[in-house]
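Enquirer: Fold the following, please.
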Amino acid sequence: MGPVDAPTIPPRAMNILFIHQNFPGQFRHLAPALAAAGHRVDALAMHRRPPPRGVTQHVYGVTRAAGTDMHPLLRESEAKVLRGEACAAAMLHLAKGGYRPDLVIANPGWGEALFVKDVFPQARLVCLLEFFHGTPDADFGFDPEFGQPTIEARMKHRLKNMALIEAMLAMDRGVAPTAWQASRLPEGWRDRVELIFDGIDTDRVVPDPAASFNHAWLPAPVRAGEPVVTFVNRNLEPYRGYHVFMRALPEIQRRLPDARVLIVGGDGVSYGAAAPLGTTWKQRFLDEVKDRLDTTRVHFLGQLPYTDYLRLLQVSAAHVYLTYPFVLSWSCLEAMSAGCHVVGSRTAPVQDYIEDGVNGSLVDFFDTSALAEAVADAVGSRARHAALRAAARQTIVERCDLRRLCLPRWRELLSTLAGQAA
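Expert: This is a model prediction of the structure:
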């Protein structure tokens, strides 16, 4: 198998179809790498956006919403069936034009993979198994602030797996990103699942002691070596510990009065319940503590372009990453690759990658005092923690490197399934 950056053309170029409602999603690296290797790569998605280089994207649309007059426990399942049906229609349209995929690689969480084998029975189906809902010691019911789940809520939550289980029954192979996420799957399925992370581009996501970061909402650029505390999520919400971070912030500022606090994330919701009507989680928890903050040194930056986001990580003296026991964010591992001192929650799957005092710092998810103390130590004793930051990067290089580990593992799996070089 040749180097990923200079792939050789395989003996027979394959037709490879990706399915993801928000394509490219987790396939942002894999899809263009396979196209660069000489394969025809197509993708089905719900939204039209510029696809990765070499990929032809097709858009499918759901013709109606899930019904309101059906059993409440089945509404989410019907929504997933509707997506699966829409994907099947799009695949049938491709098939009428003579298209036959050798491999289909899908994220089945929203129902899109339900009918792949009905349309393309000869294709090999690989499913990215992000999360199996309702297992013990996971996200559901983790945060008592939002109440203990009722039996009705538990029943509804368990049914989130219906489309996923159907896809697992049909798949030829599964892929899980982390060991903890794989451990959530039913025991009998784990021997059909490969452990392959999406990949971190460690050649691009690197420490830079000369880095600077600027933004229109900052009074002046901030530079590596300055007291900078960072917090990054796609959206600012409880699932990723935003409420805990904000409650720790007054004490962090008391200990680090000169620090800049840079917060990245949108006002929406990626996971869990929405904020009460008329509010956002961002504003709700800011309002709770703003009278105890120096708000001139707390900067909400919204969502950043990727290049700006990387510069933000490179100037960070302490990067806070908190999460319920749930899917691990790319930002945690990218921060480690950038040489950040990550102060993370002692929750799975963060513990898959961070060992307290070795390559990062871990605190109890709910302990705001411990969080403030760990952040103050990371910023105030930056020189003393140089080896820890170096170990964080080395962890990602050794376990999550995109070009040397993750893409080759994907290609080995696909080659085995297809019976030829991928």
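
Enquirer: So for stretch 198-208, first residue to last residue, what's the gap.
Expert: Terminal residues of stretch 198-208 are spaced 24 Å apart (CA to CA, to the nearest Å).

Enquirer: tell me the mean pLDDT for that stretch?
Expert: Regarding stretch 198-208, the rounded mean pLDDT is 98.

Enquirer: in it, what counts as buried?
Expert: Using 16 or more other CB atoms under 10 Å as the test for burial, stretch 198-208 gives 198-202, 205, 207. Where you see a C-beta, it was placed from the backbone N, CA and C, and this is true even at glycine.

Enquirer: Any chance you could list what contacts that stretch?
Expert: 26, 28-30, 177, 224, 310, 313-314, 330, 333-334, 337-339, 389, 393, 396-397, 400-403, 405-407 (CB atoms under 8 Å, 6 or more residues apart in numbering).

Enquirer: How far does it sit from its chain's centre?
Expert: How far stretch 198-208 lies from its chain's middle: 16 Å, per CA atoms, centre = their mean, to the nearest Å.

Enquirer: What of stretch 30-44?
Expert: Between the centre of stretch 30-44 and the centre of its host chain there is 21 Å, according to CA atoms, centre = their mean.

Enquirer: buried ones in it?
Expert: For stretch 30-44, burial by neighbour count (16+ other CB under 10 Å) applies to 30-44.

Enquirer: what does stretch 242-254 give?
Expert: Buried, per 16+ other CB under 10 Å, within stretch 242-254: 242-253.

Enquirer: quick one: the strands in the stretch 251-400 of the chain?
Expert: Taking DSSP state E, counting those that start in this stretch as the test, the strands found in the stretch 251-400 of the chain are 260-266, 298-300, 318-321, 342-345, 361-363.

Enquirer: Any idea which of those gets closest to residue 161?
Expert: strand 342-345 (24.9 Å; CB to CB).

Enquirer: That closest one pairs with which strands?
Expert: strand 318-321 (parallel), strand 361-363 (parallel) (DSSP bridges).

Enquirer: For the nearest residue to residue 335 once chain neighbours are set aside, list the residues it contacts.
Expert: Spatially, and ignoring its direct neighbours in sequence, residue 335 is nearest to residue 319 (4.4 Å; CB to CB, 6 or more residues apart in numbering). Applying CB under 8 Å, 6+ apart to residue 319 gives the contacts 229-232, 313, 335, 340-343.

Enquirer: quick revisit: which two from the buried residues of stretch 198-208 end up farthest apart in space?
Expert: For those, the farthest-apart pair by CB to CB is 198 and 207; their separation is 21.1 Å.

Enquirer: Look up how far residue 322 lies from the most centrally placed residue in the chain.
Expert: The centroid of the chain falls nearest to residue 329 when counting by CA atoms, centre = their mean (3.9 Å). Distance, residue 329 to residue 322, using CB to CB, to the nearest Å: 10 Å.

Enquirer: Repeat that for residue 291.
Expert: Residue 291 is 23 Å from residue 322, by CB to CB.

Enquirer: okay, the two: which has more neighbours?
Expert: Using other CB atoms under 10 Å as the criterion, residue 291 and residue 322 rank with residue 322 on top: 26 against 8.

Enquirer: shaky segments in the stretch 1-150 of the chain?
Expert: Within the stretch 1-150 of the chain, the segments meeting pLDDT under 70 span 1-11.

Enquirer: how about the strands of it, start to end?
Expert: Assigned by DSSP E, counting those that start in this stretch, the strands in the stretch 1-150 of the chain fall at 15-19, 40-45, 55-59, 103-106, 124-128.

Enquirer: Output the ones you listed as JSON lines; include the columns distance to residue 364.
Expert: Formatted as JSON lines, these follow (distance: least, CB to CB, whole Å):
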{"stretch": "strand 15-19", "distance to residue 364": "39"}
{"stretch": "strand 40-45", "distance to residue 364": "39"}
{"stretch": "strand 55-59", "distance to residue 364": "43"}
{"stretch": "strand 103-106", "distance to residue 364": "37"}
{"stretch": "strand 124-128", "distance to residue 364": "31"}
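
Enquirer: for those, which one sits closest to residue 368?
Expert: Of these, nearest to residue 368 by CB to CB is strand 124-128, at 34.7 Å.

Enquirer: Now the element after the closest one, going C-ward?
Expert: Using DSSP states H and E, the helix or strand that follows strand 124-128 in sequence is helix 151-158.

Enquirer: can I get the CA coordinates of that following helix in CSV?
Expert: C-alpha atoms of helix 151-158 as CSV (Å, rounded to 0.1, in the frame of the first residue of the first chain):
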residue,chain,number,x,y,z
ILE,A,151,-39.9,5.7,32.6
GLU,A,152,-41.5,7.2,29.5
ALA,A,153,-38.3,9.1,28.7
ARG,A,154,-36.2,5.9,29.1
MET,A,155,-38.5,4.0,26.7
LYS,A,156,-38.2,6.8,24.1
HIS,A,157,-34.5,6.9,24.5
ARG,A,158,-34.1,3.2,24.0
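
Enquirer: Name the surrounding residues that touch that helix.
Expert: With contact meaning CB under 8 Å, 6+ apart, helix 151-158 is reached by 72-73, 76, 133-134, 140, 149.

Enquirer: hmm, try it at 10 Å
Expert: With CB atoms under 10 Å, 6 or more residues apart in numbering as the test, helix 151-158 has contacts from 72-77, 133-135, 139-141, 147-150.

Enquirer: And those residues, which of them are buried?
Expert: Buried members of the contacts of helix 151-158, scored by 16+ other CB under 10 Å, are 75-77, 133-135, 139-141.

Enquirer: Return the closest of the buried residues of stretch 242-254 with respect to residue 220.
Expert: Residue 220 lies nearest to residue 253 out of the buried residues of stretch 242-254, by CB to CB, at 18.6 Å.

Enquirer: what about that closest one, distance to residue 312?
Expert: Distance check for residue 253 against residue 312: by CB to CB, it reads 19 Å.

Enquirer: Please name the bridge partners of residue 16.
Expert: residue 41, residue 103.

Enquirer: Neighbours of it, how many?
Expert: Residue 16, neighbours per other CB under 10 Å, totals 27.

Enquirer: Now do the contacts for residue 117.
Expert: 104, 123-125, 167, 169-172.

Enquirer: that older thread, as TSV, the buried ones among the contacts of helix 151-158 with distance to residue 186 would be great.
Expert: Formatted as TSV, those follow (distance: CB to CB, whole Å):
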residue	distance to residue 186
75	24
76	20
77	18
133	12
134	11
135	9
139	17
140	16
141	20
